[in-house]
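Visitor: What would the 3D arrangement of this be:
(2 chains)
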Amino acid sequence: MSEKTSVERPLSPHIQIYRWQVPMLTSILTRVTGNALIVSAVLVVWWLLAAATGPEAFAHADGILTSWVGDFVMTMSLLGLWYHFLAGLRHLAYDAGRGLDIPTAEKLGWAILIGSVVLTVLTIIIL
Amino acid sequence: MRYLTPRKRAEGRGASGSGTEHHWHMQVSAVGLAFIVPTFIYIFGKALGSSHDDVLATFSHPVPAILLALMLVFGLLHFKNGATIMVEDYWRGSTRRVILMIITAFTYGLAATGLFALAKMAL
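Guide: Sure thing, here's the model as predicted:
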């Protein structure tokens, strides 16, 4: 038990093994959005730093973040953030042992997919 | 007679090497962020696109400043711990260790930079 043998431990199963399903897609998207949001975090911190530095730096950073490319990236970030938010709430429910039966899991998957789009549209309308 | 208790010999022997600590941290930060994120979206969404003076005015208010600080610290810690899980799933050995170090350094650096900018605006 104590000696250390170098075992090639298995990594995550390849996605080619399973047929695509909603719970699988939504689980993968949780990881994708969570990790991709670091790009948004860098942009936000850059914008904050520019605002703290002075008017010229701010004009430069703000110009890029509010250009059409910036608008697109920020809108996608918003969608990713709302998606990750809803998927995180679902994860907490799963962790509590709720919603794990297949029909409920499928419904929850659709709920977070549609819910994230709805919340994004509402956010854009309100703000 | 063994001096080490069975508990001592069992600790850290699971697949994670650290029990449920990581999972618990993700749960705690997730619940916290469930409250912080919608407020952050509102504050940041209002500030983005407004004038420089308005941005400075927004973040010199205590409530938006504190919420942004919470978002920076707990959002990025949550990211660090989540990204760690991804790295542990797809890489092993030295590559894993190096990537984990880079993620840790980058995350703390980004949080510190954001907090510096916030402090400069708020104070």
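Visitor: which bits of chain B sit near chain A?
Guide: Selection of chain B residues close to chain A by CB under 8 Å from any CB of the partner chain yields B:23, B:27, B:30-31, B:33-34, B:37-38, B:41-42, B:44-46, B:48-49, B:52, B:55-56, B:59, B:68, B:72, B:75-76, B:79, B:82-83, B:86, B:89-90, B:92, B:110, B:113-114, B:116-118, B:120-121. Glycine gets a C-beta too; all of them are placed from N, C-alpha and C.
Visitor: What is the neighbour count of B:F59?
Guide: Other residues lying near B:F59 total 24 when counted by other CB atoms under 10 Å in any protein chain shown.
Visitor: same thing with the one 4 residues further on?
Guide: As a burial measure, the neighbour count of B:V63 was computed by other CB under 10 Å and equals 10.
Visitor: what's next to stretch B:108-116, contact-wise?
Guide: Contacts with stretch B:108-116, where a contact means CB atoms under 8 Å, 6 or more residues apart in numbering or on different chains, come from A:41-42, A:44-45, A:48-49, A:52, B:68-69, B:72-73, B:76-77, B:80.
Visitor: make it 10 Å
Guide: Contacts of stretch B:108-116 from elsewhere in the structure, counted by CB atoms under 10 Å, 6 or more residues apart in numbering or on different chains, are A:38, A:41-42, A:44-49, A:52, B:68-69, B:71-77, B:79-80, B:122.
Visitor: how near is B:P6 to B:L72?
Guide: For B:P6, the distance to B:L72 (CB to CB, to the nearest Å) stands at 43 Å.
Visitor: returning to what we had before: of the contacts of stretch B:108-116, just the buried ones, ChimeraX syntax please.
Guide: Here is the ChimeraX command that picks out the buried ones among the contacts of stretch B:108-116, judged by 16 or more other CB atoms under 10 Å in any protein chain shown:
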select /A:38,41,44,45,46,47,48,49,52 /B:68,69,71,72,73,74,75,76,77,79,80,122
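Visitor: hang on, the earlier thing: taking the residues of chain B next to chain A one by one, which sit in helices?
Guide: Here DSSP state H is the test, and the residues of chain B next to chain A give B:23, B:27, B:30-31, B:33-34, B:37-38, B:41-42, B:44-46, B:52, B:55-56, B:59, B:68, B:72, B:75-76, B:79, B:82-83, B:86, B:89-90, B:110, B:113-114, B:116-118, B:120-121 as lying in helices.
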